[in-house]
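Chemist: here is a sequence together with a model predicted from it:
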Amino acid sequence: MQWSGKVVAAVRPGSSPTIVLLHGLASNSASWETVINHLTCPNVVVDLPGHGHSTPVEDYSYTAKAAVVREVARDLEIGHWCWLPTHGEDGSPCPQRRC
């Protein structure tokens, strides 16, 4: 998907209430592979900008990262409420909060 002209990679298996998973500093969505293999609910694993398969951006602030996560949720039609577990310091745009 595109966000502000940049590629943001996200994977979404399933179609009911969704958990959004964010990776930690200097990591990518692959850090969640073991976890998602055990989840029984749908989930989205996001590569934040400049990580994994997502393209680099100029603004790496928490506000900008949160905007990316909100846009991913909108584009994938996740709905207004979603849980955002985080994995490490970099996944802090929305620690344990609703979108």
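Modeler: Looks like it came in fine.

Chemist: the helices in the chain, which residues?
Modeler: For the chain, the helices defined by DSSP state H occupy 33-36, 62-75.

Chemist: now mean neighbour count too, for those helices, in TSV please.
Modeler: Glycine gets a C-beta too; all of them are placed from N, C-alpha and C. Listed next are the helices of the chain as TSV, based on neighbours: other C-beta atoms under 10 Å:
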stretch	mean neighbour count
helix 33-36	12
helix 62-75	17
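
Chemist: identify whichever of the ones you listed lies nearest to Leu22.
Modeler: helix 62-75 (6.9 Å; C-beta to C-beta).

Chemist: run through the residues that contact the residue lying closest to Val45 once chain neighbours are set aside.
Modeler: Ranked by C-beta to C-beta, 6 or more residues apart in numbering and with sequence neighbours excluded, the top spatial neighbour of Val45 is Ser29, at 4.1 Å. Contacts for Ser29 were tallied using C-beta atoms under 8 Å, 6 or more residues apart in numbering; they are Ala9, Ala10, Val11, Leu21, His23, Val45, Val46, Asp47, His51, Gly52, His53.

Chemist: one more pass at 10 Å, please.
Modeler: The neighbours of Ser29, taking C-beta atoms under 10 Å, 6 or more residues apart in numbering as the test, are 9-11, 21-23, 36, 44-48, 51-54, 87.

Chemist: from Val45, how far off is Thr34?
Modeler: 12 Å (C-beta to C-beta, to the nearest Å).

Chemist: before we move on, what about Arg74?
Modeler: Arg74 is 17 Å from Val45, by C-beta to C-beta.

Chemist: pLDDT of stretch 58-72, averaged?
Modeler: Per-residue pLDDT values across stretch 58-72 average out to 87.

Chemist: tell me which residues touch Pro49, please.
Modeler: Contacts for Pro49 (C-beta under 10 Å, 6+ apart) come out as 3-4, 6-9, 55-60, 64-65, 67-68.
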